[in-house]
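Novice: from the sequence below, what's the structure:
(2 chains)
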Amino acid sequence: MLQLQTLREQKNAIIDALKKRNIDVAPMVNEAVALDEKRRATQTRLDNTLAEGNKLSKDIGALYQNGKYQEAEAIKKRAGALKEDSKALGDELDLTTQALQKLLYQIPNVPHASVPAGTSEADNEEVFAEGAIPKLDTNALPHWELAKKYDIIDLELGVKITGAGFPVYKGKGARLQRALINYFLDKNTAAGYTEVQVPHLVNETSGYGTGQLPDKEGQMYRLEEDNLYLIPTGEVPVTNIFRDEILDADTFPLCFTAYTPCFRREAGSYGADVRGLNRLHQFDKVEIVRVEHPNSSYEALEGMVEHVKNILRDLQLPYRILRLCGGDLGFTAALTYDFEVFSTAQDRWLEISSVSNFETYQTNRLMIRYKDEKGKSRLAHTLNGSALALPRVVAGILENYQTPDGIRIPEVLIPYCGFDLID
RNA sequence: AGAGAGGUGGCCGAGUGGUCGAAGGCGCACGCCUGGAAAGUGUGUAUACACCAAAAGUGUAUCGAGGGUUCGAAUCCCUUCCUCUCUGCCA
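Specialist: Take a look at the predicted model:
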């Protein structure tokens, strides 16, 4: 969430900048500032009341020790009255703070200056493209047909076991998945990211920390009995590693990578978008996460983009990079680059990675701070990206690498797969 | 899952109703001492919020979390989470 101090000091600039998201936050921001004023005033009154009460209590203690019981009793009455007051003020403070908090949860991050205006994905700005789009046979198949033809991914079997969107990978299909995970982790660790294995279930606090709650409440699977959530992305457990930490400024950058399955309810999705591997309830992803000094976070973002580019070059997949427009930008992000692979058989682009800088939006909730030169605590910046999400990479490989003899395996993956053709 | 013990500052650890944000130690920072280091020695060393233009300073809250009793709670009561030991179960 946004920082209150910034909201107070740069109210109009924030309202203006958020217009890029095609929303008018002026009413919310004004209310937040008003609530904050009320909160501070109430806090001051409460503190003063408590201070007086504390002083009286000390006096009572002293009087008792000196045997002046009658005087003590008289003061007790006054202290009792003060207690009533502080209770009322405390309740008021709680209500105000909660209302303010709720409001702040509803205001999205301020888009970076470079974020283009726009209302939908059609307005995203292509900033880079690379890789030749292969010329396929006229009877080239989409990946879901290929998956069936070579019996490597079984969607119906997943329906039997669980439901739609939970595929079963078989034989070389399963091996390809494992190869990709290992390859991605190797690439990421070689680039300086430390590999971590994290829980796939998180508690409510973690969900709030990275911003999935309350914004995406309905998109996560929840275990009612234990009040835990299945992670929608590795970002949640990995970023929460640093929740409530004050870091030394010289420990930056902190770079982590993790493979996790991801679970998404995808309520509201339908149509051609969800065919085959295009959209699943469970999928695998290797994530990269960075905690950065504010001065270097945008440099880090560019570095992450370069890193993902390298992976796609290795895989020799045609891809493009989009700078998301205000209308398509995620709730918590300040700037996001999406990577899309061209799916030749479907004749469409598939999102396979999303690399974002969240600036202090997450760390303000997570309380991830560092000490600056003056010894003051400041919020760090967080960034993350997929490197990479598996299903659509698999879709891209199956479709773009298909030949009449079978599906070729990208050169870099052959050592990981142990075969060079799916036939 | 059952029985018992326990959760105190960066770490260890004292504290069972009043002057306790919390003894003592370790660690860390700065200084003295030293040719240099060790030892020794002195000072400092939590976080959040509020007041203040800001610094200094002051106030409030925080002893796992939440609630209660009391003029006053680290200390008493309730709820809850977690850790350890034993038993059970299991990969």
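Novice: how far away is A:A300 from RNA strand B?
Specialist: Plainly put, A:A300 is 23 Å away from RNA strand B if you go by C-beta to the nearest atom of the strand, to the nearest Å. Where you see a C-beta, it was placed from the backbone N, CA and C, and this is true even at glycine.
Novice: what does chain A have sitting close to RNA strand B?
Specialist: When proximity is defined by C-beta under 7 Å from any atom of the strand, chain A lies next to RNA strand B at A:4, A:36, A:39-41, A:43-44, A:46-48, A:50-51, A:53-58, A:60-61, A:64-65, A:76, A:79-80, A:83, A:246, A:367, A:369, A:377.
Novice: write the ChimeraX selection for whichever of those residues are buried.
Specialist: Those of these that meet the burial criterion (16 or more other C-beta atoms under 10 Å) are gathered into one ChimeraX selection, given here:
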select /A:4,36,39,43,46,50,53,56,60,79,369
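Novice: report the buried residues of stretch A:200-219.
Specialist: Residues of stretch A:200-219 classed as buried by neighbour count (16+ other C-beta under 10 Å): A:200-202, A:206-213, A:215-216.
Novice: ditto for stretch A:404-418
Specialist: Applying a neighbour-count criterion of 16+ other C-beta under 10 Å, the buried positions in stretch A:404-418 are A:G406, A:I407, A:R408, A:I409, A:P410, A:V412, A:L413, A:Y416, A:C417.
Novice: turn these into JSON lines, columns for distance to A:G396.
Specialist: Conversion of the buried residues of stretch A:404-418 to JSON lines gives the following (distance: C-beta to C-beta, whole Å):
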{"residue": "A:G406", "distance to A:G396": "16"}
{"residue": "A:I407", "distance to A:G396": "11"}
{"residue": "A:R408", "distance to A:G396": "13"}
{"residue": "A:I409", "distance to A:G396": "13"}
{"residue": "A:P410", "distance to A:G396": "10"}
{"residue": "A:V412", "distance to A:G396": "14"}
{"residue": "A:L413", "distance to A:G396": "12"}
{"residue": "A:Y416", "distance to A:G396": "17"}
{"residue": "A:C417", "distance to A:G396": "16"}
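Novice: mind putting these in JSON lines, distance to A:I153, pLDDT and secondary structure included?
Specialist: Formatted as JSON lines, the entries for the buried residues of stretch A:404-418 read as follows, by distance: C-beta to C-beta, whole Å; pLDDT from 0 to 100; DSSP: H, G, I helix; E, B strand; the rest coil:
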{"residue": "A:G406", "distance to A:I153": "15", "pLDDT": "95", "secondary structure": "strand"}
{"residue": "A:I407", "distance to A:I153": "12", "pLDDT": "97", "secondary structure": "strand"}
{"residue": "A:R408", "distance to A:I153": "17", "pLDDT": "97", "secondary structure": "strand"}
{"residue": "A:I409", "distance to A:I153": "15", "pLDDT": "98", "secondary structure": "coil"}
{"residue": "A:P410", "distance to A:I153": "17", "pLDDT": "98", "secondary structure": "coil"}
{"residue": "A:V412", "distance to A:I153": "21", "pLDDT": "97", "secondary structure": "helix"}
{"residue": "A:L413", "distance to A:I153": "16", "pLDDT": "98", "secondary structure": "helix"}
{"residue": "A:Y416", "distance to A:I153": "18", "pLDDT": "98", "secondary structure": "helix"}
{"residue": "A:C417", "distance to A:I153": "15", "pLDDT": "97", "secondary structure": "helix"}
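Novice: nearest to RNA strand B, of these?
Specialist: Distances from RNA strand B to the buried residues of stretch A:404-418, taken as C-beta to the nearest atom of the strand, are shortest for A:Y416 (26.6 Å).
Novice: farthest pair within the buried residues of stretch A:200-219?
Specialist: When the buried residues of stretch A:200-219 are compared pair by pair using C-beta to C-beta, the farthest-apart members prove to be A:H200 and A:D215, with a separation of 20.5 Å.
Novice: next step: the residues of chain A next to RNA strand B restricted to strands.
Specialist: With strands identified by DSSP state E, the entries of these that belong to them are A:I246, A:R369, A:S377.
Novice: list just the nearest of those residues to RNA strand B.
Specialist: Using C-beta to the nearest atom of the strand as the measure, the one of those that approaches RNA strand B most closely is A:S377, at 3.8 Å.
Novice: I'd say that closest one and A:I246 touch.
Specialist: Yes - with contact defined as C-beta atoms under 8 Å, A:S377 and A:I246 form a contacting pair (6.1 Å).
Novice: overlap in contacts of those two?
Specialist: Counting by C-beta atoms under 8 Å, 6 or more residues apart in numbering, the contacts common to A:S377 and A:I246 are A:R369, A:Y370, A:K371.
Novice: looking at those, which is nearest A:L254?
Specialist: The shortest approach to A:L254 among the shared contacts of A:S377 and A:I246 belongs to A:Y370, at 10.2 Å (C-beta to C-beta).
Novice: what does the lowest-mean-pLDDT helix or strand in chain A rub up against?
Specialist: Ranked by mean pLDDT, DSSP states H and E, the weakest helix or strand in chain A is strand A:246-248, scoring a mean of 86. Contacts with strand A:246-248, where a contact means C-beta under 8 Å, 6+ apart, come from A:L254, A:V291, A:I368, A:R369, A:Y370, A:K371, A:S377, A:A380.
Novice: how about the helices in the stretch 251-400 of chain A?
Specialist: In the stretch 251-400 of chain A, the segments counted as helices under DSSP state H, counting those that start in this stretch are A:297-315, A:363-366, A:390-400.
Novice: which of those is buried the deepest?
Specialist: Per residue and on average, the most neighbours among the helices of the stretch 251-400 of chain A fall to helix A:390-400, with a mean of 26 (mean count of other C-beta atoms under 10 Å).
Novice: next SSE after that one?
Specialist: The element immediately downstream of helix A:390-400 (helix or strand, assigned by DSSP states H and E) is strand A:402-403.
Novice: any chance of the helices of the stretch 251-400 of chain A in CSV, plus mean pLDDT?
Specialist: Rendered in CSV, the data for the helices of the stretch 251-400 of chain A read as follows (pLDDT from 0 to 100):
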stretch, mean pLDDT
helix A:297-315, 98
helix A:363-366, 92
helix A:390-400, 96
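Novice: could I get those helices in TSV, plus columns for distance to A:S120?
Specialist: Conversion of these to TSV gives the following (distance: least, C-beta to C-beta, whole Å):
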stretch	distance to A:S120
helix A:297-315	23
helix A:363-366	28
helix A:390-400	20
